[in-house]
Structures are given as C-alpha cells and as structure tokens.
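Participant: let's see this in three dimensions:
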Amino acid sequence: MPGFPREEIEEMLRRWVAANNACGRTGAWSPMADFYTDDALYTWNNGADWEFAARGRQQIHDWVFGTEMAGLEHWTYPYVRTLIDEQQGEVLGVWRQLAPDKDPEGNNYEIAGTGGSWFRYAGNYQWSWQRDFFDHMNAGAIFLKMAERKQLKPAMIERMEKGSKMPGWIRRSEFDWYETILDRED
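Facilitator: Have a look, this model is predicted:
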C-alpha cells in the first residue's frame, strides 16, 4: 500500500467531513459517491448472516447513498474522532448516528454504541475501500421504538420489510470482507 503525505489525507478528511455534514443538512446523500474511485469497494456487516457490499462508484451511488439511505435522509453522522495512518494510506473515523426526530423527552434519537468507518485512501481525494461498523442491536432497538411511535419514515419501513432482499446484501458465508481488503493491497 502506498503512503501519502499526511497533509493530503488531512485535506481529504476535511472535504469528506464537510460533505458529510452538508448531506445530513440537505438529506441528499448521493454527492458522497464522488469521493470514491471507479473500482472502490464499500462494505459493512448486516448481522449474523449477512454482509453488504457495493463494488464501484455506481453501486456506491445507487445502493450505499441511495437504497440504504432511504428513510435516513436527514439523519446526521457527525465525526467525533479520526485517526490517520499516512504510511498505510488508511483512516479510521468514529461517528455518531443522530435522527432528526425527537424522542418523548425531546432529545434526538441516537443509535448508541460505536459507529465508524475504516477507509483506504487512493489519492486524488478519493477512497478505494471503506468498511463501516456500528451496533446493529442498538440500531434495531431505535428503529423499533420509532416505528412504535409512528416516527419511522415509510422508506425505512419498506427497507426493513425487504431485509436481505435489498441490493448489495450477500450471505456472510459467501463473502469474506477481510479477504477483499487483502486482495486490494498494492
């Protein structure tokens, strides 16, 4: 894996976080796809039996920032910490998950636990690889509370009903995300 100047990766993060914050405000997440190489890979775990994988900028645009963000349009994901390894060209970002909707106490719903992303930088202000992690049990609990209180968006209800029939969902037994990053090393 190539190293990159720390200043370049810091600028990438500045641009990334600014775009992330802007998309949370507007509710339109698709501009984030411009931060990926044409052949980028974006993955996360979807529970005990499923993984999610989008291969290439177009799938990232359509699935990650399209179908997977349906119902989460004005949620925000503020970054609370980033760690840079310029020698590896990798970044770890830790973020929160905040709904625009309020709970009965008047606070924004928040998915508890640690949320984050592990990125591989490819130069030219683009990521070549990303692996997200977050607490699925806590996410499910919040979505169920919001559904019970009729605060869950119809698009999110539809996504939950489709479950593993959503684009990009792969049986865990058929996809080893760790091997995919080893295969992509230079």
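
Participant: for the rest of this, base every contact and every neighbour count on C-alpha atoms.
Facilitator: OK.

Participant: contacting residues around the longest helix seen in the chain?
Facilitator: Ranked by residue count under DSSP state H, the longest helix found in the chain is helix 6-26. For helix 6-26, contacts defined as C-alpha atoms under 8 Å, 6 or more residues apart in numbering pick out 29, 31-32, 35, 73-79, 84, 86, 89, 121, 125-126.

Participant: buried subset of the residues you listed as a PyMOL selection?
Facilitator: Burial among the contacts of helix 6-26 is assessed by 16 or more other C-alpha atoms under 10 Å; the matching PyMOL selection reads:
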select buried, resi 29+32+35+73+74+75+76+77+78+79+84+86+89+121+125+126
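
Participant: make sure residue 28 is indeed in a helix.
Facilitator: No. The assignment for residue 28 is coil, going by DSSP: H, G, I helix; E, B strand; the rest coil, so no helix is present there.

Participant: quick check: closest non-adjacent residue to it.
Facilitator: The spatial neighbour of residue 28 that comes closest, neighbours along the chain excluded (C-alpha to C-alpha, 6 or more residues apart in numbering), is residue 73 at 6.4 Å.

Participant: what about the one you found, distance to residue 170?
Facilitator: 24 Å (C-alpha to C-alpha, to the nearest Å).
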